[in-house]
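S.K.: 3D model of this:
(chains A and B)
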Amino acid sequence: MNELNLAQALNGALDTALSSDDRVVLLGEDIGRTGGVFRITDGLADKYGTDRVFDTPVAESGIVGAAFGMAIAGMRPVAELQFMGFSYPAYDQVINHVARIRNRSNHRFTAPLVIRIPYGGGIGAAEHHSESTEAIYAHIPGVKVVVPSTPRDARGLLLAAIEDPDPVLFLEPIRLYRAIKEQIPEIYYRVDIGPVRVERQGVDVTLFGWGAMMKETRQAASALEEEDISVEVIDVRTLTPLDRDGIVASVEKTGRAVVVHEAPLTGGFGAEIAATIQEQCLYSLLAPVQRVTGWDTVFPLKRSEGHYLPSVDQIIAAARRTLEE
Amino acid sequence: MFGLVNSDGSVRDRLPITVEDMRDLYADMVEARTYDEKSMAMQRQGRLATYAPFRGQEAAQIGAAAALHEDDWVVGTYRDAALNWRAGYPWRLLVLGRTGDERGGELPEGVNVLPPSITVGGHMIHAGGLAWAEKLQGSERIALTSFGDGATSEGDFHEAMNFAAVFATPTVFLCQNNGYAISYPTAEQTKSKTIAAKAEGYGMPGVRVDGNDVVGVLVAVREAADRARKGEGPSLIEAVTYRMGPHTTADDPTRYRDEAESRDWEDRDPLLRVRRLLEKAGGWTDEWQAELEKAASRVIEEAVEWAEDVPEPTFEQMMGRVFAERSRSPTQQPDGAADE
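M.R.: Prediction:
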């Protein structure tokens, strides 16, 4: 066991993947010499060589398109895009090729690649560096969208993503990279892509979150418990394919649900969860499903981040609204 | 412009190919044209979805595929049925695909041709990645990607060319410059003197070849493939050709090009050229032509019959190829009702 933060856990997972599978290669901008803008690949080029860990030209579509070709030819590429706001030049590759080759070839060709994308705000970064546009990726049939929020899950989910026979977009919460430490095993282990994780059991209300917002969600749960409200906390952690059964099971028990995400409200992934709840467990619901989300605006620069980011208080207030009904 | 056979069938240089091999290439071109004509006819009858004919580009496509090894990667476009077929894609699956069935993309094991997509330009970099992986895995395989003049204006052309050059991937970039991107002439598409000249900016060789000369294309692609296999990196080949037909069955080329121009290219028909050459070499007769056409018709008819006999796809088949494992998606049942 090692006490690691999320960034270290990811670095360790990549190290483990490179050492246990010759087909694994890493590619991305500045991931070799400098270890990536967030240092997630730190030391790996030195350890495994520049024919396993590639610094590439500044070309996101090229990185993902090349990784796609490599995956079809039998490798297990892990591509890094520096920020979510820089991922859109590669969106065409993801939606038109990566997500479709299995369909286009009726399973004959497949693209088992991983695209790692640091996402989310809260670090006072420049424009394009703070976005949470997971919903536009989760809307694409044929790619899996995974978002860890703990070091233990980060390692296990990344190893599972690299092994997965299908393409996985692996979204890494920038704000949590170094925020929490956890004892995690050094052994090779997987966390299954798909199932939600019930992080805390409760009977009065369920809080659903993923990625960076899990921090505020946990804090809200602790505050509510001090008022003797029994809170269930669910880390959704895989957006697609979505574990609808896990979501429904919890709401059938608690009868109340709050969905939290950092992305804007409209068309956000919270709507998918809320719709699933009303479709499948309406009669268990004791109150309308609440959403606590970012605002329908461009993610702001540093001085307005406080206005934008969903707060612990907002989550507590939303939970209370479900209890007042 | 590089070339070995003139449009009147005379040769510019000694041909590095026997008359017998020439006859085989000609037979392949006749078979491809038969498929193209049959597909146009079937589309008019409502039996195929939109079809993009390659008439006039048979030399570029058959010549390029003939220069490759059996297991090399080929990543072409929706107009590359002749290239894909010569590289191993069976006619029956090409027809099945055009009837509107994803199962047409399920190539036999060992055939390394990617089923084409319809967006322009995004596929070129895939040949960079495929070739890169082969190089890293120590294989001799290379990847050829084919695209049109229009695709060279896409940003992905730049990313693909640059990536392949930077990592010296064994990739052959084959541009079939057929004069038009739907209605937009090549002269307006780029201010570069030639498309081959663009190679210079990426630090790779660029060759301009007469794309209606099957031997010229074969030699140019073989040289590029040899370079790639030897570890000397990618090349760009511009095969100058002409799309004799419309862009697709939904297009009317009289709106944007002169009939005189099209007539001029009739005489430069790539099949006619080989026929003239073979006639001079005593390798062509009317009887043989008739035999070829008959055999080609039979082969294509069989492919069409096979494809049209494939049972209609089921809902389960449609949903069964999103992921390796079908994920549970209880809100999406065939009748639209949620399962309890």
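
S.K.: did I read that right, residue A:198 in a strand?
M.R.: Yes - assessed by DSSP: H, G, I helix; E, B strand; the rest coil, residue A:198 belongs to a strand.

S.K.: For it, give me its contacts.
M.R.: A:232-234, A:246, A:250 (Cβ atoms under 8 Å, 6 or more residues apart in numbering or on different chains). Quick note: C-beta positions are derived from backbone N, CA and C, even for glycine.

S.K.: Give me the neighbour count for residue B:49.
M.R.: For residue B:49, the tally of surrounding residues (other Cβ atoms under 10 Å in any protein chain shown) stands at 13.

S.K.: can you check the one 4 residues further on too?
M.R.: By the other Cβ under 10 Å criterion, the neighbourhood of residue B:53 contains 23 residues.

S.K.: can you pull out the helices in the chain?
M.R.: Using chain A. A:6-20, A:44-48, A:60-72, A:91-93, A:101-104, A:134-138, A:151-163, A:214-226, A:244-254, A:269-281, A:305-308, A:312-324 (DSSP state H).

S.K.: you looked at the wrong chain, it should be chain B
M.R.: Going by DSSP H, chain B shows helices at B:19-44, B:58-66, B:81-86, B:91-98, B:124-136, B:155-166, B:186-189, B:214-229, B:259-266, B:270-280, B:286-309, B:315-319.

S.K.: mind giving me CSV with those helices and columns for distance to chain A and mean pLDDT?
M.R.: Output for the helices of chain B, formatted as CSV (distance: least, Cβ to the nearest Cβ, whole Å; pLDDT from 0 to 100):
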stretch, distance to chain A, mean pLDDT
helix B:19-44, 19, 97
helix B:58-66, 19, 98
helix B:81-86, 13, 98
helix B:91-98, 9, 97
helix B:124-136, 2, 98
helix B:155-166, 4, 98
helix B:186-189, 20, 94
helix B:214-229, 14, 98
helix B:259-266, 33, 93
helix B:270-280, 29, 97
helix B:286-309, 14, 98
helix B:315-319, 8, 95
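
S.K.: okay, those in JSON lines with distance to residue A:85 and mean neighbour count next?
M.R.: Putting these into JSON lines (distance: least, Cβ to Cβ, whole Å; neighbours: other Cβ atoms under 10 Å in any protein chain shown) gives the following:
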{"stretch": "helix B:19-44", "distance to residue A:85": "43", "mean neighbour count": "19"}
{"stretch": "helix B:58-66", "distance to residue A:85": "40", "mean neighbour count": "30"}
{"stretch": "helix B:81-86", "distance to residue A:85": "38", "mean neighbour count": "26"}
{"stretch": "helix B:91-98", "distance to residue A:85": "37", "mean neighbour count": "23"}
{"stretch": "helix B:124-136", "distance to residue A:85": "21", "mean neighbour count": "30"}
{"stretch": "helix B:155-166", "distance to residue A:85": "18", "mean neighbour count": "24"}
{"stretch": "helix B:186-189", "distance to residue A:85": "31", "mean neighbour count": "14"}
{"stretch": "helix B:214-229", "distance to residue A:85": "36", "mean neighbour count": "23"}
{"stretch": "helix B:259-266", "distance to residue A:85": "47", "mean neighbour count": "12"}
{"stretch": "helix B:270-280", "distance to residue A:85": "48", "mean neighbour count": "20"}
{"stretch": "helix B:286-309", "distance to residue A:85": "45", "mean neighbour count": "14"}
{"stretch": "helix B:315-319", "distance to residue A:85": "33", "mean neighbour count": "12"}
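
S.K.: do you know which of these lies nearest residue A:199?
M.R.: For these, the distance to residue A:199 is smallest for helix B:315-319, at 31.7 Å, taking Cβ to Cβ.

S.K.: related to what we said a few turns ago, for residue B:78, which of the helices of chain A is the nearest?
M.R.: Across the helices of chain A, residue B:78 has its closest neighbour in helix A:101-104 (11.9 Å, Cβ to Cβ).

S.K.: Around chain B, which positions in the stretch 1-150 of chain A sit nearby?
M.R.: A:25, A:51, A:54, A:56-57, A:59, A:61-62, A:65-75, A:77, A:89, A:92-93, A:96-97, A:100-110, A:141-142, A:144 (Cβ under 8 Å from any Cβ of the partner chain).

S.K.: from these, which would you call buried?
M.R.: A:25, A:54, A:56, A:59, A:61-62, A:65-73, A:75, A:77, A:89, A:92-93, A:96-97, A:100-110, A:142, A:144 (16 or more other Cβ atoms under 10 Å in any protein chain shown).

S.K.: The helices of chain B: which one's closest to residue A:239?
M.R.: The minimum distance between residue A:239 and these falls on helix B:315-319, with 19.1 Å, by Cβ to Cβ.

S.K.: centre of the chain versus the closest one, how much separation?
M.R.: Distance of helix B:315-319 from the chain centroid (Cα atoms, centre = their mean, to the nearest Å) equals 30 Å.

S.K.: so what does that helix touch, helix or strand wise?
M.R.: If contacts are counted by 3 or more Cβ pairs under 8 Å, 6 or more residues apart in numbering or on different chains; DSSP states H and E, helix B:315-319 sits against no helix or strand.

S.K.: Would you mind writing the CA trace of it as PDB?
M.R.: C-alpha atoms of helix B:315-319 as PDB (Å, rounded to 0.1, in the frame of the first residue of the first chain):
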ATOM      1  CA  PHE B 315     -32.700  -4.700 -34.400                       C
ATOM      2  CA  GLU B 316     -30.400  -6.800 -32.300                       C
ATOM      3  CA  GLN B 317     -27.700  -6.600 -34.900                       C
ATOM      4  CA  MET B 318     -28.000  -2.800 -35.100                       C
ATOM      5  CA  MET B 319     -27.700  -2.500 -31.300                       C
END
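
S.K.: Could you chop chain A up by domain?
M.R.: Domains of chain A are assigned by automatic domain parsing as A:2-184, A:197-324.

S.K.: Most tightly packed of the ones you listed?
M.R.: Mean neighbours per residue, mean count of other Cβ atoms under 10 Å in any protein chain shown, is largest over the domains of chain A for domain A:2-184, with a mean of 22.

S.K.: Residue B:120: what's its closest spatial neighbour, skipping adjacent residues?
M.R.: Counting by Cβ to Cβ, 6 or more residues apart in numbering or on different chains, residue B:120 lies nearest to residue B:151, which is 5.1 Å off, once chain neighbours are set aside.

S.K.: so who does the one you found touch?
M.R.: Contacts for residue B:151 (Cβ under 8 Å, 6+ apart) come out as B:77, B:120-121, B:124, B:157, B:175, B:181.

S.K.: can you check residue A:302 too?
M.R.: A:124-125 are the contacts of residue A:302 under Cβ under 8 Å, 6+ apart.

S.K.: Now with 6 Å, please.
M.R.: Applying Cβ atoms under 6 Å, 6 or more residues apart in numbering or on different chains to residue A:302 gives the contacts residue A:124.

S.K.: so what's the residue most central in space within chain A up against?
M.R.: Against the mean C-alpha coordinate of chain A, by Cα atoms, centre = their mean, the closest residue is residue A:147 at 1.5 Å. Going by Cβ under 6 Å, 6+ apart, residue A:147 touches A:171, A:210-211, A:237.

S.K.: go on, residue A:106?
M.R.: Counting by Cβ under 6 Å, 6+ apart, residue A:106 makes contact with B:102-103, B:105-106, B:321.

S.K.: restrict those residues to those near chain A?
M.R.: For chain A, the contacts drawn from these by Cβ under 6 Å from any Cβ of the partner chain are B:102-103, B:105-106, B:321.

S.K.: Residue 19 - nearest residue in space that isn't next to it in sequence?
M.R.: Because you didn't say which chain, this covers chain A. residue A:48 (7.8 Å).

S.K.: think we crossed wires, I meant chain B
M.R.: Residue B:19 sits nearest to residue B:283 (Cβ to Cβ, 6+ apart), 4.6 Å away.
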